[in-house]
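Q: Give the three-dimensional model of this entry:
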Amino acid sequence: MSRDSRLERLRERMATEGLGVLAVHDPADLLYLTDAHAVFDADSGAVMLVTAEEAVVYTDSRYEDAAEAAASDEWSVAVEGEGPDGAARLAAAALASGDVGLDVSVSPDIEIRRGGRN
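A: Residues are numbered from 1 along each chain as shown. Next up, the predicted model:
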């Protein structure tokens, strides 16, 4: 299965579960969705925010070159300190969508923990 169809399958699942945003932080899940081998590890602190329209990996400058080399037209890279802050973007997306999910397991069957407004 290609990484593009993996993202599409994930987006379909998000829509079924009523999630507007999914934060993917587990390195195994990042690898599964991006197919970016030797880029993201437990120390990278990377997180991918997935919405119906886009998927953006937020990382720091140590991983910038490798992440950008691995990026595809299905997902992009944002480096800490450049452009919109990842936490601010996630908060804005959560407020707009009402529901946010967080990956809590290893791919291919990403387990989603549901968050949202109380």
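Q: what comes up buried for stretch 42-50?
A: 44, 46-50 (16 or more other CB atoms under 10 Å). From N, CA and C alone the C-beta is placed, and that goes for glycine too.
Q: what's the weakest-modelled helix or strand in this protein?
A: helix 86-97 (a mean of 61; mean pLDDT, DSSP states H and E).
Q: Point out the other helices and strands that the longest helix along the chain packs with.
A: When the chain is parsed with DSSP state H, its longest helix is helix 3-17. On a contact count with 3 or more CB pairs under 8 Å, 6 or more residues apart in numbering; DSSP states H and E, helix 3-17 meets helix 27-34, strand 47-50, strand 112-114.
Q: Can you name every helix or strand that the first one contacts?
A: Spelled out, that is helix 27-34. Here helix 27-34 touches helix 3-17, strand 47-50, strand 55-59, going by 3+ CB pairs under 8 Å, 6+ apart.
Q: Low-confidence regions, the chain specifically.
A: In the predicted model, the chain carries pLDDT under 70 at residues 1-4, 80-98, 100-118.
Q: The helices and strands packed on helix 3-17: which one's closest to Ala66?
A: Each of the helices and strands packed on helix 3-17 has some distance to Ala66 by CB to CB; the shortest is helix 27-34, at 11.1 Å.
Q: quick one, that closest one and strand 55-59 angle?
A: 140 degrees (axes from the mean of the first three to the mean of the last three CA atoms, to 10 degrees).
Q: how big is the angle separating helix 27-34 from helix 3-17?
A: For helix 27-34 against helix 3-17, the angle by the same axes, to 10 degrees is 110 degrees.
Q: Flag every buried residue along helix 27-34.
A: Along helix 27-34, the positions that meet the burial threshold by neighbour count (16+ other CB under 10 Å) are 27-34.
Q: Turn these into JSON lines, columns for distance to Asp60.
A: JSON lines is the format used below for these (distance: CB to CB, whole Å):
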{"residue": "Pro27", "distance to Asp60": "15"}
{"residue": "Ala28", "distance to Asp60": "20"}
{"residue": "Asp29", "distance to Asp60": "19"}
{"residue": "Leu30", "distance to Asp60": "14"}
{"residue": "Leu31", "distance to Asp60": "18"}
{"residue": "Tyr32", "distance to Asp60": "21"}
{"residue": "Leu33", "distance to Asp60": "19"}
{"residue": "Thr34", "distance to Asp60": "16"}
